[in-house]
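Asks: Would you be able to build a 3D model of this:
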Amino acid sequence: MGKGTQAKVLMAEYEIPQISTGDILRDQIARGTALGVKAKGLMDRGALVPDDVVNGMVADRLGQADIVSGYVLDGYPRTLAQAEWLDGRLSAASTELDLVAVSLRVDEGELLRRITGRRTCAACGHIYNIYSQAPAVEGRCDVDGSELVQRTDDTEEAFRARMKAYEASTAPVIEHYRAKGRFAEVDGMESVTAVTASIDVELSRLRGWEI
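Replies: The predicted structure follows:
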């Protein structure tokens, strides 16, 4: 499982909210807002939504009361412009992130399997993968029996576009935070629990806690 799964695990472990720009955008799409209509076309092609739009959504989310004890950013920042905006936002609030850009090292072929095999419960949002973590009943959620759906952007074509976008826009974010000493890389091919443990180690290291 990937970053979304890890974000949910960390959310439960630290009792802080997960802020997923993808989830925010999909909510806009589901509600048929003007932003949602624009974003859907871009996401279906694997393209990135403009920085100013994404930053605006994050700013709105960071203004909510439930983030006072912390939060997990999932899928953000994806570009250097987003990272620089976030740096400015945090600096103005006299705070900083404990850990940014947890890079999960995963073989490209495995990434493709994870993305094209991903299925999500339409009701509770629980994530499955038909190749590695299939539900007990095909097409149905183990938790509540609701239908499992495949996101429109979880196709091989969109994946290839995402990889190109990553090299052009997201890779520089890693170097940005590496230079600040706020970057960690863990082996994403390990089990969910092993990856979580590795992230916990990196969080402790950056906070100066004993491990």
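
Asks: could you pull out the strands for this structure?
Replies: Applying DSSP state E to the chain gives strands spanning 18-20, 72-74, 100-105, 118-121, 127-129, 148-149, 183-187.

Asks: For residue 74, give its distance to residue 11.
Replies: Between residue 74 and residue 11 the computed distance is 9 Å (Cβ to Cβ, to the nearest Å). Any C-beta I mention is one placed from the backbone N, CA and C, and that applies to glycine too.

Asks: got any residues that touch both of those two?
Replies: Residues touching both residue 74 and residue 11 by Cβ atoms under 8 Å, 6 or more residues apart in numbering: residue 18.

Asks: just how off-centre is stretch 60-76 within its chain?
Replies: Offset of stretch 60-76 from its chain centre (Cα atoms, centre = their mean, to the nearest Å): 13 Å.

Asks: before we move on, what about stretch 32-48?
Replies: Relative to the mean C-alpha coordinate of its chain, stretch 32-48 is positioned 17 Å out (Cα atoms, centre = their mean).

Asks: Please enumerate residues in contact with it?
Replies: Residues from elsewhere that reach stretch 32-48 (Cβ under 8 Å, 6+ apart): 25, 27-30, 49, 53, 78-79, 152-153, 157-162, 164-165, 169.

Asks: Could you rerun that using 6 Å?
Replies: 25, 28-29, 49, 152-153, 158, 161-162, 165 (Cβ atoms under 6 Å, 6 or more residues apart in numbering).
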